[in-house]
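Colleague: I'll drop the sequence and a predicted model, then ask my questions.
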Amino acid sequence: MAGRRRRILDKPRRLVQAGMLIRFLRPLLIALALAGLAPAALAQGYSPAAAQVIGRAFAASGGAGWYLLRGWRESGQVGGAPYERWMDPVRYGLREEVREPHGLSIAGFNGQAFWRVAPDGAMTAVNDHAALAQARTTAFFEGGLYLFPGRFGAKGDYLGVRRLKGRAYQVVNVTPWNGRPRELWFDAASHLLGRIVDRTGPRPRAVAVQDYRKVGPVRVAFRYTPEGAGQGLARQIETLAFTPADRGLFSLDREQAVAKVRAAALPKP
């Protein structure tokens, strides 16, 4: 009878011990579960094969160093004209100022509206689907945002290996949310982006991505060269700094923008 009573008393004790063990292991179990889900979350919208290619490109160009960037400012030549560009790698944001022969033009995109101020001060501000899709596409690909599959809601599919001029490329077709698709050709040896191909128009338009340099924690291409006549303007980066982006740059300040283009148009003393 005493033995039976002891077994009955021992049962709650064993339950308490089991409960303590579960409470102890629960954080570990949750961490393991989240670790197992991390690759799927990272590849949100990308097929497994596409996610692998993008992942190798991410690692080859700086890996976790990309997470340190909070802003992007570059200057150089586009089509032979001096330009400056600001980008936000965390949220959509793009501003470009080009000093054309007849004056300064300014264009910006803040994720919701696209705007432009011409050298004569004429302003264009639009939020129609076509203009926004084009602006979002430019900001997405030229800012390297395709490297963050779970951040911008993009979709990606692996198209296979393609060869061009003796080089092998792994090709991924990526479409930004509410944007336009582009083929990203990653060099099979270096895993760095080598070409961007646009097949949305009447004929394909391709840009060679070249001249990679180490800047801070990442490797960045400094030259974008259209392949073929009439396919766009070549862009050569001359200076690049990762400085925090002022979000005000990406929205239209009419008074400030007009004053800037008019000042640039004034004859030098």
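Modeller: Looks like it arrived, so ask away. Computed from a prediction, not measured in an experiment: that's the story for all the values here. Residues are numbered from 1 along each chain as shown.

Colleague: drop to CA atoms for contacts and neighbour counts, all remaining ones
Modeller: Noted.

Colleague: Now do the same for T138: helix, strand or coil?
Modeller: Here T138 is helix, with the state taken from DSSP: H, G, I helix; E, B strand; the rest coil.

Colleague: number of nearby residues for it?
Modeller: By other CA atoms under 10 Å, 16 other residues sit near T138.

Colleague: Make residue 1 into 645 and carry on from there
Modeller: OK, 645 is where the count begins now, so the last one is T782.

Colleague: How many neighbouring residues does G845 have?
Modeller: Other residues within reach of G845, judged by other CA under 10 Å, total 7.

Colleague: now swap in Q854 and tell me
Modeller: The number of residues near Q854, taken as other CA under 10 Å, comes to 17.

Colleague: unless I'm mixing things up, it is touching G838, no?
Modeller: Yes. With contact defined as CA atoms under 8 Å, Q854 counts as touching G838 (6.6 Å).

Colleague: between the two, what contacts are shared?
Modeller: When contacts are counted by CA atoms under 8 Å, 6 or more residues apart in numbering, the set common to Q854 and G838 is empty.

Colleague: Is the residue nearest to A751 when sequence neighbours are not counted part of a helix or strand, or is it coil?
Modeller: In space, and not counting its chain neighbours, A751 is closest to R760: 4.2 Å by CA to CA, 6 or more residues apart in numbering. When classified by three-state DSSP, R760 comes out as strand.

Colleague: so who does R760 touch?
Modeller: Per CA under 8 Å, 6+ apart, neighbours of R760: 749-752, 767-769.

Colleague: Pull up the gap between it and E728, please.
Modeller: Per CA to CA, to the nearest Å, R760 is found 15 Å from E728.

Colleague: now swap in S749 and tell me
Modeller: 11 Å.

Colleague: Neighbour count: the two, which is higher?
Modeller: Shown here are S749 and E728; by other CA under 10 Å, S749 has more neighbours (23 against 19).

Colleague: can you confirm the more buried one is in a helix?
Modeller: No. Per three-state DSSP, S749 lies outside any helix segment and is strand.

Colleague: Hmm, it is touching V742, no?
Modeller: Yes. When contacts are counted by CA under 8 Å, S749 is listed as touching V742 (5.4 Å).

Colleague: Give me the buried entries from the contacts of R760.
Modeller: Neighbour counting over the contacts of R760 (16 or more other CA atoms under 10 Å) leaves 749-752, 767, 769 as the buried ones.

Colleague: which of those residues has the weakest pLDDT?
Modeller: Among the buried ones among the contacts of R760, A769 carries the weakest pLDDT, at 89.

Colleague: ok so, going back, how much space between the residue nearest to A751 and N754?
Modeller: R760 sits 12 Å away from N754, going by CA to CA.

Colleague: backbone phi and psi for A703, please?
Modeller: Dihedral pair for A703: phi -70, psi -40, per degrees, to the nearest 10.
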